[in-house]
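Asks: Sequence and predicted structure below; questions after.
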Amino acid sequence: MTTIESFDPASLEARTDPWEFYRWLRDEHPIYYIEKYDMWFISRFEDIWITMADTTLPLYGREVTHMRTSQLLVTNNGNVPPNRVAQLPGFPNVDSPDQGALRGLVNQPFRPGSVRKLEDWFRDMVRSELPDVLAQGYFNLTEALGRWSTRTMCRIAGIDESMGPRVRELVNDASDQTGDPTREFDATGMGELYGLLVSTVAGRRAAGADGSLPFIDKAIKTGFQGREMTDVEITNQLMTPLVGGVETVPKVTAHGLWELAVHPDQLAAVRSDLASNASKAFEEAARFCGPAQSFHRTVTERVEVLGQVLEPGQRVGFLTASAGRDPRVFTDPDEFRWDRPIERTLAFGQGDHFCMGTHLARMEGRIMIEEFLAAVSDYEIDEANARRTKSTFQQGWDYLPVTIKSYRDADGVEQRPAGRTPVQGNDNEDQR
Ligand code: HEM
């Protein structure tokens, strides 16, 4: 790679291979300013760990998660509007204490106890459908795993499970900028998803919202600050959990299984006690393969951060993917090690906006690794045909073809599928 002189997360180079850029930022510019976006980027683990969690700092989540490049190009004039509670946006775009109150209306299905109750259903679904998937011999591993995380989110959101493939397609298409750096989130697809959720909310309200679907019913029944919430306001609370629950877990898990396949010693070690080891392997996959690159905040008052003065209206990007590869915290960070001790992780964020789906993600990832490795005795990822999303937000492998060389069918009989010719080729200019 040529010498790095600047960083722009929207450039094709940074989206294709961000790791050298992150190393350069961590070593040379731990807080880095980009004039055209009037935005700062923070790249070291420790700096992000402290800054993201510090609720005394005037860095707010109003523009949390990801901002489109065109939004970043509009310089904020310093006048940051207060929480818009008259027409409620989704809680990821609201500051505390309103953020916590709104999040509390929808987070019940994601609490540890609720996730534990889902576990048997999830495992049964994976176990019963896996043999048919494996019998194909050659398929997209991310998509195969994604059908289960999507179905889970459909169940939680009261969406007919037959809509699962369409929901997944809409979510994935929205964040794919592959081949077109100017392409932004696909508002059309998001509109369709939004419409689906609005009608689901309206249906729950009409049916009496009896509490059997807490993700939606609690907001209908409780409202916010003593008033009812509209269907649109409730839908605004549901969009991020739905999107977050669909695309992340399968990308992390499939990539983790790929890393295990190319490290046979590690694969053998994980297999030696799947029930104990799968969760560790998933945790390392979330560090090493985490698709989300950065999360954004807005400065509301003049403040000094890491030796720089940040002005109101400027944005701050926390490069959490870079934090996961920081050698100051992780030994040999660019190596996948399934049993690496991970005492602290930023893979799920930090502070008020800490990922709401962490327990669900960990449960799904662990079970999918366990069940896949229990059933499949030999597999290989077709690297030449793998395809990675190259968006500024998501870097995950959405097309990860796998060849199943041998697996145990539903009766426990060893099968060797004939395999298939790849059905979807591509140019694969990416490297892992
Ligand atoms: C491996 C899987 C996942 C990863 C790596 C991940 C990562 C993250 C990260 C880094 C954040 C912090 C955003 C910020 O600070 O601005 C976040 C927030 C969030 N995640 Fe996840 N996530 C995953 C799975 C899920 C799942 C399964 C759900 C389903 C509910 C979910 C829902 C959310 C929501 C709603 C937020 C926003 C929380 C808030 O603003 O209060 N995520 N996620």
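Replies: Nice, thanks for sending it over. Please read all numbers here as calculations on a predicted model, not as lab measurements.

Asks: Just the buried positions in the helix or strand containing residue 219, please.
Replies: Assigned by DSSP states H and E, residue 219 belongs to helix 214-222. Within helix 214-222, the residues that qualify as buried are 214-221, counting by 16 or more other CB atoms under 10 Å. Glycine gets a C-beta too; all of them are placed from N, C-alpha and C.

Asks: could you give the mean pLDDT of stretch 255-268?
Replies: The average pLDDT within stretch 255-268 is 98.

Asks: okay, how far is it across it, tip to tip?
Replies: Start-to-end span of stretch 255-268 (CA to CA, to the nearest Å) is 17 Å.

Asks: now stretch 158-172
Replies: Span of stretch 158-172 from end to end, CA to CA: 20 Å.

Asks: if you average pLDDT over that stretch, what comes out?
Replies: In the prediction, stretch 158-172 has an average pLDDT of 92.

Asks: Return the distance of that stretch from the chain's centre.
Replies: With CA atoms, centre = their mean, to the nearest Å as the basis, stretch 158-172 stands 16 Å off its chain's centre.

Asks: Give me the contacts around stretch 205-220.
Replies: 105-106, 108-109, 114, 156-158, 200-201, 204, 221, 229, 231, 234, 237-238, 241 (CB atoms under 8 Å, 6 or more residues apart in numbering).

Asks: Please apply the same query to stretch 272-286.
Replies: With contacts defined as CB under 8 Å, 6+ apart, stretch 272-286 is touched by 252-253, 255-256, 259-260, 269-271, 336-340, 342, 345, 347-348, 361-362, 365-367, 369-370, 373-374.

Asks: near the ligand, which of those residues show up?
Replies: Among the contacts of stretch 272-286, the residues lying close to the ligand (CB under 6 Å from any ligand atom) are 252, 347-348, 361.

Asks: Just the buried residues of the helix or strand following the helix holding residue 219, please?
Replies: Tracing the chain past helix 214-222, the next element assigned as helix or strand by DSSP H and E is helix 231-262. Residues of helix 231-262 classed as buried: 231, 233-261 (neighbour count, 16+ other CB under 10 Å).

Asks: Give me the angle between helix 231-262 and helix 214-222.
Replies: Helix 231-262 runs at 160 degrees relative to helix 214-222, counting by axes from the mean of the first three to the mean of the last three CA atoms, to 10 degrees.

Asks: let's number from 58 now, not from 1
Replies: Will do, 58 is the new start, and the previous item becomes helix 288-319.

Asks: what's downstream of helix 288-319, the next helix or strand?
Replies: helix 321-329.

Asks: Show me how far that next one is from its chain's centre.
Replies: 26 Å.

Asks: buried sites along the helix or strand immediately after it in the chain?
Replies: Following helix 321-329 in sequence order, the next helix or strand is helix 331-346 (DSSP H and E). For helix 331-346, burial by neighbour count (16+ other CB under 10 Å) applies to 331, 334-335, 337-346.

Asks: Ok, stretch 251-258 next?
Replies: For stretch 251-258, by 16+ other CB under 10 Å, it's 251, 253-255, 257-258.

Asks: Now secondary structure, pLDDT and distance to residue 413 too, for those, in TSV please.
Replies: Output for the buried residues of stretch 251-258, formatted as TSV (DSSP: H, G, I helix; E, B strand; the rest coil; pLDDT from 0 to 100; distance: CB to CB, whole Å):
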residue	secondary structure	pLDDT	distance to residue 413
251	helix	92	19
253	helix	94	20
254	helix	95	16
255	helix	95	21
257	helix	97	19
258	helix	97	18
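
Asks: Stretch 158-166 near the ligand anywhere?
Replies: Yes - interface with the ligand: stretch 158-166 contributes residue 160 (CB under 6 Å from any ligand atom).

Asks: Run through who's touching that stretch.
Replies: In contact with stretch 158-166 (CB under 8 Å, 6+ apart) are residues 145, 147-148, 151, 171-172, 175, 213, 271-273, 275-276, 279, 281-282, 294-295, 298, 413, 417.

Asks: burial count for residue 172?
Replies: Residues near residue 172, counting by other CB atoms under 10 Å, number 20.

Asks: Look up the pLDDT of it for me, please.
Replies: Predicted confidence (pLDDT) at residue 172: the value is 98.

Asks: Also residue 482?
Replies: Taking residue 482 on its own, its pLDDT is 43.

Asks: Repeat that for residue 370.
Replies: 87.

Asks: before we move on, what about residue 392?
Replies: Looking at residue 392, the pLDDT reads 98.

Asks: Please give me every residue in contact with the residue in the stretch 308-457 of the chain positioned nearest to the ligand.
Replies: At 2.0 Å from the ligand, residue 414 is the closest residue in the stretch 308-457 of the chain, using CB to the nearest ligand atom. Shown in contact with residue 414 (CB under 8 Å, 6+ apart): 167, 298, 301-302, 305.

Asks: How about residue 201, nearest residue that isn't a chain neighbour?
Replies: Of all residues not flanking residue 201 in the chain, residue 190 sits nearest, at 5.0 Å (CB to CB, 6 or more residues apart in numbering).

Asks: What residues sit buried inside whichever strand or helix holds residue 72?
Replies: Residue 72 belongs to helix 69-73 when elements are defined using DSSP H and E. Burial within helix 69-73, assessed by neighbour count using 16+ other CB under 10 Å, is assigned to 71-72.

Asks: so where do the strands sit in the stretch 308-457 of the chain?
Replies: Using DSSP state E, counting those that start in this stretch, the strands found in the stretch 308-457 of the chain span residues 352-356, 360-362, 365-367, 372-375, 433-438, 444-445, 454-456.

Asks: Pipe these into a markdown table and attach mean neighbour count and distance to the ligand per row.
Replies: As requested, the strands of the stretch 308-457 of the chain are exported to a markdown table (neighbours: other CB atoms under 10 Å; distance: least, CB to the nearest ligand atom, whole Å):
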| stretch | mean neighbour count | distance to the ligand |
| --- | --- | --- |
| strand 352-356 | 24 | 3 |
| strand 360-362 | 15 | 16 |
| strand 365-367 | 16 | 17 |
| strand 372-375 | 24 | 7 |
| strand 433-438 | 17 | 19 |
| strand 444-445 | 22 | 16 |
| strand 454-456 | 23 | 13 |
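
Asks: sorry, back to before: with the buried residues of helix 271-279 in mind, which one is nearest to the ligand?
Replies: residue 272 (9.2 Å).

Asks: Look at that closest one and report its pLDDT.
Replies: 98.

Asks: cool, residue 243 as well?
Replies: 51.

Asks: likewise residue 398?
Replies: Looking at residue 398, its pLDDT stands at 96.

Asks: shaky segments in this protein?
Replies: 58, 117-143, 231-246, 447-449, 476-489 (pLDDT under 70).
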